[in-house]
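Enquirer: Have a look at this fold, sequence not included:
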């Protein structure tokens, strides 16, 4: 993976020193809260419901065992022994104390990590396919481009005060696992007629209060044009984007107010101006970065032991069927470690689990770890002969849950258990859904299903693109949960449709059960997934299941 | 006639620790909601909020929250404020753990 250059190192250290001084000045009264707030936000430090929260970037979701151990050390030393992995491939510490934050940032800098640009109206952590460099369907590893974008966007003087935050996602595969269509800029690698790799450029996607699927502004962008083109998009947005109304400030609104044709024309004009100014240094830099992402030295060894174990052990087989993904090397597998045991908090990992994952990545995984936007941890390169031993070690630590892609593999934002913006809780809803359906033993029968829960309209839990989305709201001083169906976060992105009136906290789990029982009744065969069934039959049967039962109850 | 004033308390977070605190009648910051001063008068509420906001080295983000009288003292009326008196629901962390007696 990429290692900091002397420049990166000096930059991050100087920012730690600056913030250390700023915290001192806040604590001695030289800075007021109004003066300090933007400074702390620039370093990822929020004040939440019960405590401060520090958001640390995990660039494009790639993390080394050494870095993972340092996160565990931070969790033990300055927090409560755990961390929360988020839908933006960040980790959040929920209980830091203000005077300790400089020491935490310094400990992060020791392992080439930071919290810069994890808040504020700037280019945020660039996210990527968590299977990058390993997936069988990949055209090229997207991470060198993501790293190039990270270096370009970090402290970019023109883009520190954008109209609003700006999120870029990138995938090297035609099958989109990075939700690129719900980002300010989505980059999806494709090949042109000549077979050359490049990017489909999608602009103006986003969830939040105005959910929109992004629009394609360039069908094929040659990879050498990436940086000047992205700079052109940012530059047009920086000029046109509205600063008068926070709710209309994202590029998705700019795009809709300006029109796709006009904004595309403006981007292309700006690109034509910028392109000659990029003299090729970006390409030299990209070539250097690419070396850092060279594939590991894959082992060539028999996999008979794996095949035999798969046949013999049903628990292992169940886990292998749900948690493994095809690797581009046939002898290898991509392992998704579920950190969502039934009833656990989605995205939370204890310091012990982090240390174990670091150990396992060293022993079996070519020193590579990933964090997915779906809040799991990935070992992208595991030789199949090592899978039985890996699985046994995971099971011992409570990390062997075979539920990836199933009902209990839920995305949930922190909600009103932590977040100051939340309007309702999400974590306990996720916990109850997981334990309820585990008790019914229905999860495997229901099959592939993405439930995503947000505790407010800002949609950090991606509820709009959940097959079943749940949005927690405050309705007249009571928690109320609105359901959407049919959302899809892949390359065929769709924003889910609202079912109708919401449900109270105690009614939401039974409501989801009614939807899923209706699905089990109406599916043509077990292989027809919930999403396929919804696309075939539409909303009505689910609405009937959701609300007619209620009507009968009222009438009785 | 103007609408009846809903009683309030002043709440904030401690600057250093971030903990939720409540302003008491004798100008202390208490971790307990029931020890807060229940303010029944709008003008007095504004005065107390000004007083709180002046304590820049102790607290941040002071605001007025609705409350009602209870057996032990003021009680929150909204679920958000109720959660703030306890901590998160997924772990025994925050006040529910720190102040358990």
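Expert: Thanks, I have the structure now. The structure presented is a predicted model; accordingly, all values stated were derived computationally and were not measured.

Enquirer: contacts and neighbour counts: CA atoms only from here.
Expert: Noted.

Enquirer: Average pLDDT for stretch A:292-299, rounded please.
Expert: Averaging pLDDT along stretch A:292-299 yields 96.

Enquirer: Actually, stretch A:437-444.
Expert: 97.

Enquirer: List the buried residues of that stretch.
Expert: Across stretch A:437-444, burial judged by 16 or more other Cα atoms under 10 Å in any protein chain shown covers A:437, A:438, A:443, A:444.

Enquirer: go on, stretch A:396-403?
Expert: Buried, per 16+ other Cα under 10 Å, within stretch A:396-403: A:399, A:400, A:401, A:402, A:403.

Enquirer: what's the closest of these to chain B?
Expert: residue A:399 (18.4 Å; Cα to the nearest Cα).

Enquirer: Quick check: residue B:26 is in a strand.
Expert: No: checked against DSSP: H, G, I helix; E, B strand; the rest coil, residue B:26 lies outside a strand; its state is coil.

Enquirer: any idea of the pLDDT on it?
Expert: On the pLDDT scale, residue B:26 gets 97.

Enquirer: now do the one 10 residues further on
Expert: Here, the pLDDT recorded for residue B:36 equals 98.

Enquirer: Now for it, how many residues are close by?
Expert: 26 (other Cα atoms under 10 Å in any protein chain shown).

Enquirer: Next, it: phi, psi?
Expert: Residue B:36 adopts backbone torsions of phi -70, psi 160, taken as degrees, to the nearest 10.

Enquirer: does it really touch residue B:26, like I thought?
Expert: No: using Cα atoms under 8 Å, residue B:36 is not in contact with residue B:26, being 9.5 Å away.

Enquirer: I'd like the buried residues of stretch A:437-444 written out as JSON lines, with secondary structure added.
Expert: JSON lines is the format used below for the buried residues of stretch A:437-444 (three-state DSSP):
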{"residue": "A:437", "secondary structure": "helix"}
{"residue": "A:438", "secondary structure": "helix"}
{"residue": "A:443", "secondary structure": "helix"}
{"residue": "A:444", "secondary structure": "helix"}
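
Enquirer: who does the worst-scoring helix or strand of chain B on mean pLDDT touch, helix- and strand-wise?
Expert: Lowest on mean pLDDT, DSSP states H and E among the helices and strands of chain B sits helix B:95-98, with a mean of 94. The contact analysis (3 or more Cα pairs under 8 Å, 6 or more residues apart in numbering or on different chains; DSSP states H and E) places helix B:95-98 against helix B:79-86.

Enquirer: Would you tell me which residues of chain A are close to chain B?
Expert: By Cα under 8 Å from any Cα of the partner chain, the residues of chain A that approach chain B are A:27-29, A:32-33, A:47, A:49-52, A:96-99, A:345, A:416-418, A:423, A:427-428, A:477-478.

Enquirer: centre of the chain versus the longest helix along chain B, how much separation?
Expert: Secondary structure of chain B per DSSP state H: the longest helix is helix B:42-53. Distance, stretch centre to chain centre, for helix B:42-53: 13 Å (Cα atoms, centre = their mean, to the nearest Å).

Enquirer: Mind checking the pLDDT average for that helix?
Expert: Rounded mean pLDDT across helix B:42-53 is 97.

Enquirer: ok, residues contacting it?
Expert: B:5, B:8, B:9, B:10, B:23, B:39, B:59, B:60, B:61, B:62, B:63, B:64 (Cα atoms under 8 Å, 6 or more residues apart in numbering or on different chains).

Enquirer: After that helix, which helix or strand is next?
Expert: strand B:59-68 (DSSP states H and E).

Enquirer: Enumerate the residues of chain B near chain A.
Expert: B:13, B:15-20, B:56-57, B:60, B:78-80, B:83-84, B:87-90, B:94.

Enquirer: and the residue of the stretch 101-250 of chain A found nearest chain B, how many neighbours does it have?
Expert: Going by Cα to the nearest Cα, chain B is nearest to residue A:101 of the stretch 101-250 of chain A, at 10.4 Å. Using other Cα under 10 Å, residue A:101 has 22 neighbouring residues.

Enquirer: Going by secondary structure, it is in what exactly?
Expert: helix A:101-109.

Enquirer: For that helix, buried residues please.
Expert: Buried residues in helix A:101-109, defined by neighbour count with 16+ other Cα under 10 Å: A:101, A:102, A:104, A:105, A:106, A:107, A:108, A:109.

Enquirer: helices or strands up against it?
Expert: Using 3+ Cα pairs under 8 Å, 6+ apart, helix A:101-109 sits against helix A:6-27, helix A:65-78.

Enquirer: ok, and which of these has the densest surroundings?
Expert: Most buried of the helices and strands packed on helix A:101-109, by mean neighbour count (mean count of other Cα atoms under 10 Å in any protein chain shown): helix A:65-78, with a mean of 20.

Enquirer: Contacts for the next helix or strand after that one next, please.
Expert: Per DSSP H and E, helix A:65-78 leads on to strand A:82-85 as the next helix or strand towards the C-terminus. The contact list for strand A:82-85, computed with Cα under 8 Å, 6+ apart, reads A:71-72, A:75-76, A:91-94, A:347-351, A:371, A:375-376.

Enquirer: Pull up the pairing partners for strand A:82-85, direction included.
Expert: Its sheet considered, strand A:82-85 pairs with strand A:90-93 (antiparallel), strand A:348-350 (antiparallel) by DSSP bridges.

Enquirer: what mean pLDDT would you report for the longest one?
Expert: Think strand A:90-93. pLDDT averaged over strand A:90-93 gives 98.

Enquirer: So what's the gap between it and the chain middle?
Expert: For strand A:90-93, the distance to the chain centre is 12 Å (Cα atoms, centre = their mean).

Enquirer: Do a quick rundown of the strands in the stretch 51-200 of chain A.
Expert: A:52-57, A:62-63, A:82-85, A:90-93, A:127-128, A:168-171, A:185-191, A:197-203 (DSSP state E, counting those that start in this stretch).

Enquirer: Would you mind checking the contacts of helix B:42-53 for buried ones?
Expert: B:8, B:9, B:10, B:23, B:39, B:59, B:60, B:62, B:63, B:64.

Enquirer: quick check, nearest of those residues to residue A:307?
Expert: Checking the buried ones among the contacts of helix B:42-53 against residue A:307 by Cα to Cα gives residue B:60 as the nearest, at 59.7 Å.

Enquirer: can I assume that closest one is in contact with residue A:34?
Expert: No: using Cα under 8 Å, residue B:60 is not in contact with residue A:34, being 9.8 Å away.

Enquirer: thinking again about what came up before, ok, and what's touching the helix holding residue A:101?
Expert: Taking Cα under 8 Å, 6+ apart as the rule, helix A:101-109 contacts A:9, A:12-13, A:16, A:19-20, A:23, A:70-71, A:74, A:78, A:114-115.

Enquirer: change it to 7 Å
Expert: A:12, A:13, A:16, A:19, A:20, A:74, A:114 (Cα atoms under 7 Å, 6 or more residues apart in numbering or on different chains).

Enquirer: Can you add pLDDT and give those residues back as TSV?
Expert: Listed next are those as TSV, based on pLDDT from 0 to 100:
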residue	pLDDT
A:12	97
A:13	98
A:16	98
A:19	98
A:20	98
A:74	98
A:114	98
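
Enquirer: Looking at these, which one is closest to chain B?
Expert: residue A:20 (14.0 Å).

Enquirer: Could I get the contacting residues of the closest one?
Expert: So residue A:20 contacts residue A:102 (Cα under 7 Å, 6+ apart).

Enquirer: Spatially nearest residue to the spatially most central residue of chain A (excluding sequence neighbours)?
Expert: By Cα atoms, centre = their mean, chain A has its centre lying nearest to residue A:373, at 2.2 Å. Computed as Cα to Cα, 6 or more residues apart in numbering or on different chains, the closest residue to residue A:373 that is not its neighbour in sequence is residue A:87, at 4.1 Å.
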